[in-house]
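*Asks:* build me a structure from this.
(chains A and B)
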Protein chains: 2
Amino acid sequence: MLIVQKYGGTSVGSLERIENVARRVKQTAKDKHGIVVVVSAMSGETNKLLEYCNYYSKTPDKKAMDFVVSSGERVTAGLLAIALNESGLKAVAMSGRQAGIVTDSAFTTARIASIDPSAMQAKIEEGCIVVVSGFQGITDDGIVTTLGRGGSDLTAVALAGALKADLCEIYTDVDGVYTTDPRIEPKAKKLNKISYDEMLELASAGAKVLQNRSVELAKKLNVNLVTRSSFNENEGTLITKEDDMMEDVLVSGIALDKNQVIVDICNLDDKPGIAADVFKTLSDENIVVDMIVQNISHDAKANISFTIPQSELERSKLVMSKFEKLGAKVAYNLDVAKVSVVGVGMKSHSGVASKAFTTLADENINILMISTSEIKISIVIQEKYGELAVRALHEAYGLDK
Amino acid sequence: MLIVQKYGGTSVGSLERIENVARRVKQTAKDKHGIVVVVSAMSGETNKLLEYCNYYSKTPDKKAMDFVVSSGERVTAGLLAIALNESGLKAVAMSGRQAGIVTDSAFTTARIASIDPSAMQAKIEEGCIVVVSGFQGITDDGIVTTLGRGGSDLTAVALAGALKADLCEIYTDVDGVYTTDPRIEPKAKKLNKISYDEMLELASAGAKVLQNRSVELAKKLNVNLVTRSSFNENEGTLITKEDDMMEDVLVSGIALDKNQVIVDICNLDDKPGIAADVFKTLSDENIVVDMIVQNISHDAKANISFTIPQSELERSKLVMSKFEKLGAKVAYNLDVAKVSVVGVGMKSHSGVASKAFTTLADENINILMISTSEIKISIVIQEKYGELAVRALHEAYGLDK
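*Replies:* The predicted structure is shown next:
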């Protein structure tokens, strides 16, 4: 069995913790598994290096930045290799280049273009544990790149795919994926298994265990992903292909996202293509729009409402000024929260949405916007009701049982 | 004109100092020179990374160590490239690998085997300043190596040779090579020019501006080497091929080395090959012997005296026990200092040695051992007279004029 393990920044946050990781790897190695370990930089290190770069410029040269920032993962990989060798295992540290990871040339946010796993495979066949510096690769002409935030997870998933690994374990400081945020609802339960699509909907709805890029790649490459804690022995959550059993579960989780803004545009001339014009303008600026509602008022003027992340607010205001010049009125509502109910069981069960609406109504929570997908219902409400809505829905769908 | 500049750890010891280096490079670039900059890790960084490695083992895996430790120079190279780009110059950071440096497989103390300068040359032709991470290369199968202490100087000299650069400037925190240590003799003068061989003799006699490996490589590759300070605008010292003018100067410098031990072996049977046996045994243990004196006493027993660095004392004692078992008596004298007078002018002038002996006699300093080369006289005396001897000889040869 071949396993790829990835340890994040807090898991390798000190020399002692790296030693702890070595112990875990040794434990896994006892069962004669082939092991590739992907590591992040020690926690704080990447931010320190980014600060160094920003000392010289608000927009430092991106190639040079990647050259600097990629060194953090090299240090951790080398140290873990030393600790593993010291514990009696054979281990070798590799950079992204040595692991065969080739990316495009989008420095600081590169995408993996191809992986040649032969160097890793040769070492695995020698009985060596391969420790790979996450978050990095090289362009096809040999220049160092980094993959952006969450890049080490992406490295692990991509390597698992290229090596046809049986399992890709992502170690963090949380036990796995929960039915909802345990800080909001202490009765939240850890999920043993969840489908890629549910995980993607939960993540986009504000649950931050894994980044969507990694889950999407795992789905595409058919990688069995496990997220678990490096600080205890608890089983984590398996994120895998949807199976029939999963549909028996109506709802898998409830997510809360308070980082949203509703943008209302009214008094737009109701001409064909006016909505397209609004959203093309936003997308040209790479502003990601989430929920959209459009309706036509009786005076033949269009009203469009949509949500954006709060981080995009200032840029959106600039974009919207174009339509204000054409007579549109634009209002921004930051006092909102998005609550999402996610579950593949929705596909084959009816009444899931109406239960959500009833539950919120019973709590006297007013609904501002609704959007649904095959496996998700998202509802925008006033921000102050966010936690209450999560707890009510968590109970209504029996997730605390 | 193509210039290679190397900046050491203190010169790049902080973000501000790296900015200062960028200013110096920009100044040099004004004169339309092609420039390759080699950088060390920020001061303290390499030691920190070595400590990290030693946390897990007294003898950490050397490959993994090189993987860790080489990252320090990468950070500096990237940061300098950012600072240069910000100042309006085009600059690119390169690792040892990207600069085309291939070494042997002696991890932690690798030797440069070959350099393919084509990637650097292509960038220089584009008008780019190339910033190379010093101290590192890769083996011919792509594994990261480091060159050991002083490795960044070596990188600079080797690159200057491969690029056929007109000049290789080594920036440190001292102004250049002095006639003697200014802390001992305040009247010491900075030398404008000195030959490779004189520099080698001064270094081996205890002057620590440059390591011998770098000077030897510069001599072999015919690289004009300048050592100067990055903290002021003073001209440094040019280390170059010996020329006729140099011979006009009788003595270039006086060096002091207090890090020596005299080993006396007496009562050895005076058989042929007995001295060879002693020194072969030492050399098999990689113990470097400096000065050697042998004489035969009237009772047909041999006495051999030689000097070793203090750091080799314990290992030498182990080696010498072999001869003690054969009846030899071995004594160690740590209370010694070696004073050396260096100058290519000695070749064509007589009386240099006798002046040294007279000068020391005038100061009532007893001579314990003498050895001479074509361009050097080394004299071992009691340690407490070291500084006095340096000052007296400095004046006797008119070096303060």
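
*Asks:* quick check, distance from the helix or strand hosting residue A:246 to the centre of its chain.
*Replies:* Per DSSP states H and E: residue A:246 is located in helix A:244-247. Its chain's C-alpha centre and that of helix A:244-247 lie 24 Å apart, by Cα atoms, centre = their mean, to the nearest Å.

*Asks:* same thing with stretch A:379-387?
*Replies:* For stretch A:379-387 - counting by Cα atoms, centre = their mean - the centre lies 22 Å from the chain centre.

*Asks:* can I get that stretch as CSV, trimmed to CA atoms?
*Replies:* Taking C-alpha atoms only, stretch A:379-387 is exported to CSV below (Å, rounded to 0.1, in the frame of the first residue of the first chain):
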residue,chain,number,x,y,z
ILE,A,379,-29.8,31.0,2.7
VAL,A,380,-28.7,34.6,3.4
ILE,A,381,-30.0,36.0,6.7
GLN,A,382,-29.1,38.9,9.0
GLU,A,383,-25.6,38.4,10.4
LYS,A,384,-26.7,38.4,14.1
TYR,A,385,-28.8,35.3,13.5
GLY,A,386,-26.0,33.3,12.0
GLU,A,387,-25.1,31.0,14.9
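
*Asks:* those strands in the stretch 51-200 of chain A, which residues are they?
*Replies:* Using DSSP state E, counting those that start in this stretch, the strands assigned to the stretch 51-200 of chain A run over residues A:91-94, A:101-103, A:112-115, A:129-133, A:136-138, A:144-146, A:167-172, A:193-195.

*Asks:* would you mind giving the ones you listed as CSV with mean pLDDT and distance to chain B added?
*Replies:* Yep, even glycine has a C-beta here, placed from its N, CA and C like the rest. Shown next, in CSV, are the strands of the stretch 51-200 of chain A (pLDDT from 0 to 100; distance: least, Cβ to the nearest Cβ, whole Å):
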stretch, mean pLDDT, distance to chain B
strand A:91-94, 98, 4
strand A:101-103, 98, 14
strand A:112-115, 96, 16
strand A:129-133, 98, 8
strand A:136-138, 97, 9
strand A:144-146, 97, 8
strand A:167-172, 95, 20
strand A:193-195, 94, 37
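
*Asks:* could you dump these into a markdown table with mean neighbour count added?
*Replies:* Shown next, in a markdown table, are the strands of the stretch 51-200 of chain A (neighbours: other Cβ atoms under 10 Å in any protein chain shown):
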| stretch | mean neighbour count |
| --- | --- |
| strand A:91-94 | 27 |
| strand A:101-103 | 25 |
| strand A:112-115 | 17 |
| strand A:129-133 | 29 |
| strand A:136-138 | 27 |
| strand A:144-146 | 29 |
| strand A:167-172 | 25 |
| strand A:193-195 | 22 |
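
*Asks:* quick one: closest of the ones you listed to residue B:63.
*Replies:* strand A:91-94 (6.8 Å; Cβ to Cβ).

*Asks:* list of residues touching stretch A:266-284?
*Replies:* A:265, A:289, A:292, A:294, A:296-297, A:300-304, A:306, A:308, A:316, A:319, A:322-323, A:326-329, A:331 (Cβ atoms under 8 Å, 6 or more residues apart in numbering or on different chains).

*Asks:* any of those buried? List them.
*Replies:* A:265, A:289, A:301, A:302, A:303, A:304, A:306, A:308, A:316, A:319, A:323, A:328 (16 or more other Cβ atoms under 10 Å in any protein chain shown).

*Asks:* and the second one, that's in a helix?
*Replies:* No - for residue A:289, which was evaluated using DSSP: H, G, I helix; E, B strand; the rest coil, the result is coil, with no helix membership.

*Asks:* so is the nearest residue to it once chain neighbours are set aside in a helix, a strand, or just coil?
*Replies:* Nearest residue to residue A:289 in three dimensions, chain neighbours excluded: residue A:306, at 4.9 Å (Cβ to Cβ, 6 or more residues apart in numbering or on different chains). What three-state DSSP gives for residue A:306 is strand.

*Asks:* neighbours of residue A:362, how many?
*Replies:* If you count neighbours by other Cβ atoms under 10 Å in any protein chain shown, residue A:362 ends up with 10.

*Asks:* I should have written residue A:363 there, sorry.
*Replies:* Count around residue A:363 with other Cβ under 10 Å applied: 15.

*Asks:* and the gap between it and residue A:391?
*Replies:* 9 Å (Cβ to Cβ, to the nearest Å).

*Asks:* just the contacts of stretch A:266-284: which are in helices?
*Replies:* Using DSSP state H, the members of the contacts of stretch A:266-284 that fall within helices are A:316, A:319, A:322, A:323.

*Asks:* pick the one among those residues closest to residue A:371.
*Replies:* Nearest to residue A:371 among the ones in helices among the contacts of stretch A:266-284, with distances taken as Cβ to Cβ, is residue A:316, at 18.4 Å.

*Asks:* tell me the contacts of the closest one?
*Replies:* Here residue A:316 is in contact with A:261, A:263, A:282, A:287, A:308 (Cβ under 8 Å, 6+ apart).
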